[in-house]
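**Student:** give me the fold of what follows.
(one chain, ligands or ions: 1)
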Amino acid sequence: MKDTNELKKMAGYRAAEFVEDGMVVGIGSGSTIAYVIEALGKRVSEEGLNIIGVPTSDKTRRTAAKLGISMHNIDDVDHIDLTIDGADEIDPDFAAIKGGGAALLWEKIVAVNSTRNVWVVDEGKLAPKLTHYLPVEVIPYGSDQLFKRLDAKGYKPSWRLDQNGNPVRTDSANFLIDLHPADITDPFTLGRELTSMVGVVEHGLFLNIVDTVVVGRQDDVEIFDAHPQPLI
Ligand SMILES: O=C(CO)[C@H](O)[C@H](O)COP(=O)(O)O
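**Tutor:** Residues are numbered from 1 along each chain as shown. From the prediction side, this is the model:
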């Protein structure tokens, strides 16, 4: 029986095959994407693959650059052909929760500016309903008040803290509040509500974004086209 990391690696290496010479590639964040970066680094050094990478976090920028991938800022490219990213949970309608790795804002900006989006997950991330905690990136100023408003709405917020008990700072120097709503019955309505709250920068609901999902399963890697068919 393969463990989760093996499933992530299988799927990550398969997803890296979507990348073609000359592409501008958005590169996601997280432990699954670490395998995609590893695979792309090998392709750069062994095949002479020539790509421009656009990072979704400072960590990704550093890791990919170390492996010889040419990394550019998002505003220094005129388009992004393909973005490969991970996800925390994906439902049968291809709605996802992202941001467990604190990179949701840059991830969403890169995703909406990409011609095609591919997500890579192990099969444990597929769920009949979205139940994962929902990260929300917020401006530090007034964030205690925002926290109270989220609490009053019944979303059971908690601060994302580092090992020392201090608030995690995102790459844009914001804070993260993780919501634990009892039920996400309508992710579109919830997403609109969160976006409309002053102080919220972005939320981790990624809706109508993905084109292709690459799933590492025990027996194989399965690839889903997000448009015509349900995921599970
Ligand atoms: O959204 C993300 C980071 O903000 C990641 O894609 C998500 O958390 C999945 O991470 P991992 O591959 O480590 O399970």
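**Student:** how far away is residue 22 from the ligand?
**Tutor:** 26 Å (CB to the nearest ligand atom, to the nearest Å). (C-beta placed from N, C-alpha, C; glycine too.)
**Student:** run a quick neighbour tally on that residue.
**Tutor:** 10 (other CB atoms under 10 Å).
**Student:** cool, and residue 21?
**Tutor:** Residue 21, neighbours per other CB under 10 Å, totals 10.
**Student:** make sure it is indeed in a strand.
**Tutor:** No: counting by DSSP: H, G, I helix; E, B strand; the rest coil, residue 21 is not part of a strand but coil.
**Student:** for it, what are its contacts?
**Tutor:** 49-51 (CB atoms under 8 Å, 6 or more residues apart in numbering).
**Student:** thought residue 214 was touching residue 221, still the case?
**Tutor:** Yes: in this structure residue 221 lies within contact range of residue 214 using CB atoms under 8 Å: 6.3 Å.
**Student:** ok, the two, which is more surrounded?
**Tutor:** Neighbour totals were compared for residue 221 and residue 214, and residue 214 leads with 24 against 17 (other CB under 10 Å).
**Student:** tell me what the longest strand out of those in the chain is packed against?
**Tutor:** Using DSSP state E to define each element, the chain has its longest strand at strand 114-122. When contacts are defined as 3 or more CB pairs under 8 Å, 6 or more residues apart in numbering; DSSP states H and E, strand 114-122 packs onto helix 4-16, helix 31-47, strand 80-85, strand 212-216.
**Student:** closest to the ligand out of the ones you listed?
**Tutor:** helix 31-47 (3.3 Å; CB to the nearest ligand atom).
**Student:** quick revisit: in a markdown table: the helices and strands packed on strand 114-122, plus distance to residue 176.
**Tutor:** Below are those laid out as a markdown table (distance: least, CB to CB, whole Å):
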| stretch | distance to residue 176 |
| --- | --- |
| helix 4-16 | 23 |
| helix 31-47 | 18 |
| strand 80-85 | 18 |
| strand 212-216 | 25 |
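**Student:** any chance of TSV for the ones you listed, columns mean pLDDT?
**Tutor:** Putting these into TSV (pLDDT from 0 to 100) gives the following:
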stretch	mean pLDDT
helix 4-16	98
helix 31-47	98
strand 80-85	98
strand 212-216	98
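**Student:** any chance of these in JSON lines, plus distance to the ligand?
**Tutor:** Output for the helices and strands packed on strand 114-122, formatted as JSON lines (distance: least, CB to the nearest ligand atom, whole Å):
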{"stretch": "helix 4-16", "distance to the ligand": "6"}
{"stretch": "helix 31-47", "distance to the ligand": "3"}
{"stretch": "strand 80-85", "distance to the ligand": "5"}
{"stretch": "strand 212-216", "distance to the ligand": "11"}
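**Student:** wait, which of these is closest to residue 101?
**Tutor:** helix 31-47 (8.0 Å; CB to CB).
**Student:** wondering if the helix or strand following the closest one reaches the ligand at all.
**Tutor:** As assigned by DSSP states H and E, the chain's next helix or strand after helix 31-47 is strand 52-55. No: using CB under 6 Å from any ligand atom, strand 52-55 never reaches the ligand; the gap is at least 12.1 Å.
**Student:** contacting residues around the following helix or strand past strand 52-55?
**Tutor:** Counting by DSSP H and E, the element after strand 52-55 in chain order, helix or strand, is helix 58-66. Residues from elsewhere that reach helix 58-66 (CB under 8 Å, 6+ apart): 27-29, 33-34, 37, 40-41, 53, 55, 71, 103, 171.
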